[in-house]
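can't give you the sequence, but here's the structure:
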């Protein structure tokens, strides 16, 4: 008869109904089982030591990471982003997130190492698969959160630089928003690439998306500059009239009215004769007079 224990087999003689032979065979089986357990005992103790050391290292390293992030004021920068504000409000500032990621990474590597020390073939295959993918996964998450901080820093720097350039406020805000979301899209694609999640599909999606953005921008510029809207385009980009606010009473072309609505290229006035629409280019060409502001 064969008794299988883990990856080792214990060869035992066939049991007989004789009482003495049965007891003798049972004792031999127990002896073999004890030998197998004893042979695994050093590996089990080594695994326990690895787990204890890994736990201590994980705790200490996680605290060090959290302290370093707080030292460079990473929580404040992270809070400025939309995602960061939501996570911080939920009790997960960037220092805590990176601390948890550090713990999970070290604990995972520790568990995998402890399993490999046991020298059990089936578990070794699982541990190899985990060791291969886990660093990619946690690396992708780490890159994502660091990318958020970097994106917010770049966008903040760009907004500061745009203040010194004579551009329309709406165009400046639109440009900053475009830069922000474009960087977030690029960041997401990088994260998926690092995590090795459907790389071919992600590559095709990225190419299609940026091609669509390029075509859209090209068409918009063609419509503005190529179809008789050059003056409007210049006003929109560089010379949008200041002082136009909803609720303000103005005078232009001998017309007095209250600004009801301001669109990209038109201003809607409420006059004594009714609603009048005046192109923004007239405000730049001919000028206008503010009679009463909305705050007065």
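Here it is on my side, so go on. Computed from a predicted model, the values in this text were never measured in an experiment.

Please work out which residues outside the longest strand belonging to the chain touch it.
When the chain is parsed with DSSP state E, its longest strand is strand 255-262. With Cβ atoms under 8 Å, 6 or more residues apart in numbering as the test, strand 255-262 has contacts from 244-250, 267-272, 275-276, 278, 291. Heads up, the C-betas are built off the backbone N, CA and C, glycines and all.

of those residues, buried ones?
Among the contacts of strand 255-262, the ones that count as buried by 16 or more other Cβ atoms under 10 Å are 248, 249, 250, 267, 268, 269, 278.

Now do the helix or strand residue 171 falls within against strand 255-262, angle only.
Per DSSP states H and E: residue 171 is located in helix 169-194. Relative orientation of helix 169-194 and strand 255-262, computed by axes from the mean of the first three to the mean of the last three Cα atoms, to 10 degrees: 10 degrees.

Counting by contacts, list what helix 169-194 packs against.
With contacts defined as 3 or more Cβ pairs under 8 Å, 6 or more residues apart in numbering; DSSP states H and E, the packing partners of helix 169-194 are helix 121-162, helix 199-226, helix 230-237.

what's the spacing between that helix and its chain's center?
12 Å (Cα atoms, centre = their mean, to the nearest Å).

tell me the mean pLDDT over it?
Averaging the model's pLDDT scores along helix 169-194 yields 82.

and if you look at stretch 115-135?
74.

Distance check, residue 141 against residue 282.
Residue 141 is 54 Å from residue 282, where distance means Cβ to Cβ, to the nearest Å.

So between those two, which is more surrounded?
residue 141 (19 against 15; other Cβ atoms under 10 Å).

I figured the more buried one hits residue 101, correct?
Yes: counting by Cβ atoms under 8 Å, residue 141 touches residue 101, with 5.9 Å between them.

Domain parsing of this structure, as residue ranges.
Per automatic domain parsing, the structural domains of the chain span 2-164, 242-292.

Need those in CSV (columns: distance to residue 186).
Shown next, in CSV, are the domains of the chain (distance: least, Cβ to Cβ, whole Å):
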stretch, distance to residue 186
domain 2-164, 9
domain 242-292, 28
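
For residue 204, which of those is the nearest?
Nearest of these to residue 204, taken as Cβ to Cβ: domain 2-164 at 19.3 Å.

Quick one: residues contacting residue 84.
Here residue 84 is in contact with 77, 78, 94, 148, 152 (criterion: Cβ under 8 Å, 6+ apart).

The residues you listed: which two are farthest apart?
Most distant of these, by Cβ to Cβ, are 94 and 152, 10.9 Å apart.

shared neighbours of these two, which are they?
77, 78, 84.

Okay, angle between the host helix or strand of residue 64 and helix 121-162 too, please.
Using DSSP H and E, residue 64 maps to helix 19-71. Counting by the same axes, to 10 degrees, helix 19-71 points 10 degrees away from the direction of helix 121-162.

Give me the next element, helix or strand, following helix 19-71.
By DSSP H and E, the next helix or strand past helix 19-71 is helix 74-79.

Could I get the buried residue list for the helix or strand that comes right after that next one?
For helix 74-79, the following helix or strand on the C-terminal side (DSSP H and E) is helix 82-89. Across helix 82-89, burial judged by 16+ other Cβ under 10 Å covers 84, 87, 88.

Among those, which one lies nearest to residue 57?
Closest to residue 57, out of all of these and judged by Cβ to Cβ, is residue 87, at 26.2 Å.

Return the residues in contact with that closest one.
Counting by Cβ under 8 Å, 6+ apart, residue 87 touches 78, 93, 94, 97.

which helices and strands sit right next to the helix holding residue 64?
Helix 19-71 packs on strand 2-5, strand 8-11, helix 94-117, going by 3+ Cβ pairs under 8 Å, 6+ apart.

centre of the chain versus that helix, how much separation?
The answer for helix 19-71 is 38 Å, by Cα atoms, centre = their mean.

report the angle between the axes of it and helix 94-117?
Using the same axes, to 10 degrees: helix 19-71 against helix 94-117 is 150 degrees.

quick thing: my sequence starts at 5, can you match it?
From this message on, residue numbering opens at 5, which makes the last subject helix 23-75.

Turn the contacts of residue 88 into CSV, columns for neighbour count and pLDDT.
Compiled in CSV, the contacts of residue 88 are given as follows (neighbours: other Cβ atoms under 10 Å; pLDDT from 0 to 100):
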residue, neighbour count, pLDDT
81, 18, 79
82, 25, 82
98, 24, 86
152, 22, 84
156, 20, 81
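
between those residues, which is nearest residue 73?
Scanning the contacts of residue 88 for proximity to residue 73, where the rule is Cβ to Cβ, the winner is residue 98, at 5.9 Å.
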